[in-house]
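S.K.: Show me how the following folds:
(one chain, ligands or ions: 1)
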Amino acid sequence: MAKTPSKSSQKNPKQTQPPRTDMPALEGDYLTTNQGTRISNNHDSLKAGPRGPSLLEDFVLREKITSFDHERIPERAVHARGAGAFGYFECTKDMSKFTEAGLFGKPGKKTPVLVRFSTVAGSRGSADTARDVRGFAVKFYSDEGNYDLVGNNMPVFFIQDAMKFPDLVHAVKPEQHNEIPQASSAHDTFWDFISLMPESTHMIFWAMSDRAIPRSYRMMEGFGVHTFRFVNQKGEGTFVKFHWKPKLGLHGLVWEEAQMISGMDPDFHRRDLFENIEQGNAPEWELGVQLIPEADEHKYAFDLLDPTKLVPEELVPVTVIGRMVLDRNPDNYFSEIEQAVFHPGHLVPGIDLTNDPLLQGRLFSYTDTQITRLGGPNFHELPVNRPLADVNNHQRDGFGRHTIPKGRVAYEPNSIGKGCPFHAGAKMKSFVHFTERVEGHKVRARSESFGDHFSQAKLFYDSQSAPEQEHIRKAFTFELSKVEIPAIRQRMVETLMLVNKELAGAVATALNLKVTKGTEQPSPANPDNSPVPPNRATDTAIYDDEAIQRPKTRVPLPKKSPALSMVLSSEPSAETRKVAFIISANTPAGEVTALKKAIEDAGGAVELIAPEVGEQKMGGAKVNVPKALNSTPSVVYDGVAVFVDDKSFANPEDLGHALKFVAQSFKHCKTVAVSSISKKLVSLATMGLADKAAPGLVPAGAKPKAFVEALSQHRHWERAALVKSLPA
Ligand code: HDE
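M.R.: Take a look at the predicted model:
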């Protein structure tokens, strides 16, 4: 029988998990209509005779089809494609000196969370592995109300002011005349905009780096991006920057691999998150903060309010204050992920805003967009959005209202309701805004302190390891070679000149362009006589407010910041890495068993792949094979062990699949193990390149430990130079 819905949908002080559903699950014995009337036949519509016309009076059919017709809701204007999971945040450091927020107050205190990861540009059905920024939105269901940290996997943003957001999004979305390309920034309008917006230079370097093609959501950092404020019980403020650091380290895909996955497993990241949580590999992040005293607001060479700048960890170290574990998949993606609402203005006492002009604009946008997306102002009543804390106010009615307020009173002050609910005074843990003194001229302008657009881009590029720099160069070349208008390509190369001349030169050569000098305010080059757009730098009104007392000497940027590099800041680990074992009837079973054990002991996982799925013989053993060679690409694995030879396959097509699998794995710098029978096949697949020793190539007879060590390196980028000529 169906469960009875809980009586009160608002107040549930004993609840410690976010509400999962307000409706009984489909556990009843009989199908019913939405009115609870039992349905006798769910296969046939009501007709005048078995071959006659359908009747309009068929309320069962009409109700079912009406419901279906309205199943889709508008997708998010940005971040439409995403995946989410539930879990908890555990405070590990008492931060009450800086913030009165209860969730950061006591080591051991656990707060339930929902996280939604997303891409930005693509629509809801687009592929997970597009080159893009990833959203990293966390909802803390805290005792003091819901707190949302709606961040990204990159610590800076493309623009400095909310005014430019619709332009940025229109530029990156599919072009309006033909709605092409889907989920890709490699097209003219995006680069036209970027090349005319020098403030985007820092972020575009992040977007061209491997951060934009993560191996897994579980292997990316998250950032609050803006500078926020902690406020303690005395009302004292401290600037704060938020960082999520993944336990599994930071890892990216190879660009070619990412493109292939887009076709072969467009749900790659969602699947990876879902499967790992199901298998008990709950992903985990540390939450770190950079704290900056109010008195140091103007101490640095950049402005803390400028969202195109980060605070290097060399200047302000990251202090870890908690950990987050995601251990529960949603029961229903639509109800719990699609309908989830995140908002940078969902704040709790102790966490406050700053005057970052991008953040300020966001505060308006996130409520406004939900009204269209979720059909009215009552989205906070949907189970996934409902706070665990009590909700008491006089807001009433509107589309989709669930709460049934009782009594006569819907106003304050009142005497009929005995004055309830009352204002919560400052001592009652109510939200009191940080009393920041603000004065200034009313100007539509930007602060002069937002003016340096290149130093941090240079810091980012200079801090990368050599393979990461090469990936950035290749990404610029790839994206710009898809741009059709030469003037746009030229302008972008000029911008690159302002960051790194060698990089600009290499990209220019690859695009058959000439490099010009690169000046602080470049005017657009115009090699093909296209109309010259207005000078990009003079469009923004700069206003130097002399009332702001900035110290004459300010702390400069470090020359390098290793924390900005994924390679330099990650420890080797084989945990949760997925390895393909290609097997057949003549596979040496003993070798398989030994390697499988070593991988699993290190926390990795093995999947058997053979020409056919199902139970079959492998050497002397009987095994169950979950994946078939013809439908399983190499790109969804971290490494491969080849337990077949060129005579293993009855069907030559399977030999072709195996050769392709090995060639791609080798080309994408993955760990490849050769077994006692596969030397010839691996040699054929790699055009002889694997005949000699190569990084990450584990020869026949090597100890299983050698494979595990190689696998924990993630990729063997040193191999890239060797495999250039291999076809994909
Ligand atoms: Fe968002 N953003 N954004 N954004 N954003 C949305 O809100 C917006 C910005 C971010 O998983 C929308 O509910 C404006 C920065 C994430 O549901 C929308 C501006 C950062 C998500 C919106 C920004 C973000 C969104 C679309 C500039 C990183 C997905 C649907 C002023 C700090 C949250 C929605 C989820 C979603 C507006 C800039 C992160 C339209 C106007 C900077 C992670 O309201």
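S.K.: Could you pull up the residues touching the residue in the chain positioned nearest to the ligand?
M.R.: When distances are taken as Cβ to the nearest ligand atom, the chain reaches nearest to the ligand at residue 135, 2.8 Å away. Bear in mind the C-beta positions are built from the backbone N, C-alpha and C, glycine included. By Cβ atoms under 8 Å, 6 or more residues apart in numbering, residue 135 lies in contact with 79, 82, 116, 117, 118, 119, 120, 150, 151, 152, 153.
S.K.: you'd agree the last one is up against residue 218?
M.R.: No: applying Cβ atoms under 8 Å, one finds residue 153 not in contact with residue 218, separated by 11.6 Å.
S.K.: pLDDT below threshold where in the stretch 501-650 of the chain?
M.R.: Along the stretch 501-650 of the chain, segments meeting pLDDT under 70 span 517-539.
S.K.: now the chain
M.R.: The model of the chain has pLDDT under 70 over residues 1-27, 517-539.
S.K.: which bits of it sit near the ligand?
M.R.: Residues of the chain lying close to the ligand (Cβ under 6 Å from any ligand atom) are 76-79, 82, 116, 118, 135, 137, 150-152, 157, 162, 165, 225, 307, 340, 342, 358, 361-362, 365-366, 369.
S.K.: buried subset of those residues?
M.R.: Buried subset of those (neighbour count, 16 or more other Cβ atoms under 10 Å): 76, 78-79, 82, 116, 118, 135, 137, 150-152, 157, 162, 165, 225, 307, 340, 342, 358, 362, 365-366, 369.
S.K.: Any idea how many residues pack against residue 284?
M.R.: Close neighbours of residue 284, defined as other Cβ atoms under 10 Å, add up to 17.
S.K.: try residue 51
M.R.: Burial of residue 51 is recorded as 6 neighbouring residues (other Cβ under 10 Å).
S.K.: do the same with residue 442
M.R.: Neighbourhood size, residue 442 [other Cβ under 10 Å]: 5.
S.K.: Quick check: which element contains the residue of the chain closest to the ligand?
M.R.: Assessed by DSSP states H and E, residue 135 sits inside strand 134-142.
S.K.: Among the buried ones among the residues of the chain next to the ligand, name the ones in helices.
M.R.: The helices, defined by DSSP state H, take in 165, 358, 362, 365, 366, 369 from these.
S.K.: out of those residues, what pair is the most spread apart?
M.R.: Farthest apart among these by Cβ to Cβ are 358 and 369. That separation is 15.9 Å.
S.K.: where do the helices sit along the stretch 301-450 of the chain?
M.R.: Listed in chain order, the helices of the stretch 301-450 of the chain (DSSP state H, counting those that start in this stretch) span 333, 357-373.
S.K.: which residues touch stretch 647-660?
M.R.: Taking Cβ under 8 Å, 6+ apart as the rule, stretch 647-660 contacts 582, 584-587, 611, 629-630, 634, 642, 644, 646, 677, 681, 684-685.
S.K.: rerun that using 10 Å as the cut-off
M.R.: With contact meaning Cβ atoms under 10 Å, 6 or more residues apart in numbering, stretch 647-660 is reached by 582-587, 609-612, 628-634, 640, 642, 644-646, 677-678, 680-682, 684-686, 727-728.
S.K.: Got a quick ChimeraX command for the buried subset of those?
M.R.: Per 16+ other Cβ under 10 Å, the buried members of the contacts of stretch 647-660 correspond to this ChimeraX selection:
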select :582,583,584,587,609,610,611,629,632,633,634,640,642,644,645,677,678,681,682,684,685,686
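S.K.: In helices, which of the contacts of stretch 647-660 fall?
M.R.: Applying DSSP H to the contacts of stretch 647-660, the entries found in helices are 680, 681, 682, 684, 685.
S.K.: wait, doesn't the second one sit right on residue 640?
M.R.: No: Residue 681 is not in contact with residue 640 according to Cβ atoms under 10 Å; the separation is 11.5 Å.
S.K.: any common contacting residues for those two?
M.R.: Shared contacts of residue 681 and residue 640, counting by Cβ under 10 Å, 6+ apart, come down to 582, 658, 662.
S.K.: could the residues you listed be laid out in CSV, adding distance to residue 213?
M.R.: CSV is the format used below for the shared contacts of residue 681 and residue 640 (distance: Cβ to Cβ, whole Å):
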residue, distance to residue 213
582, 25
658, 26
662, 23
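S.K.: Just read off the phi/psi values of residue 284.
M.R.: Phi and psi for residue 284, reported as degrees, to the nearest 10, are phi -140, psi 140.
S.K.: who does it bridge with?
M.R.: Beta-bridge pairing for residue 284 (DSSP bridges): residue 325.
S.K.: show me the contacts for it.
M.R.: Residues near residue 284 by Cβ under 10 Å, 6+ apart: 87, 90, 218, 245, 246, 247, 248, 323, 324, 325, 326, 327.
S.K.: Buried only: go through the residues you listed for me.
M.R.: By 16+ other Cβ under 10 Å, the contacts of residue 284 give 87, 90, 218, 245, 246, 247, 248, 323, 324, 325, 326 as buried.
S.K.: hang on, the second one in a strand?
M.R.: Yes: with DSSP: H, G, I helix; E, B strand; the rest coil as the criterion, residue 90 is located in a strand.
S.K.: what's it in contact with, if anything?
M.R.: Contacts for residue 90 (Cβ under 10 Å, 6+ apart) come out as 103, 107, 108, 109, 110, 111, 284, 287, 322, 323, 324, 325.
S.K.: can you redo the residues you listed as TSV with distance to residue 346?
M.R.: Compiled in TSV, the contacts of residue 90 are given as follows (distance: Cβ to Cβ, whole Å):
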residue	distance to residue 346
103	13
107	25
108	24
109	19
110	19
111	14
284	24
287	17
322	18
323	22
324	17
325	21
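S.K.: ok, so of those residues, who is nearest residue 354?
M.R.: Nearest to residue 354 among those is residue 287, at 19.0 Å by Cβ to Cβ.
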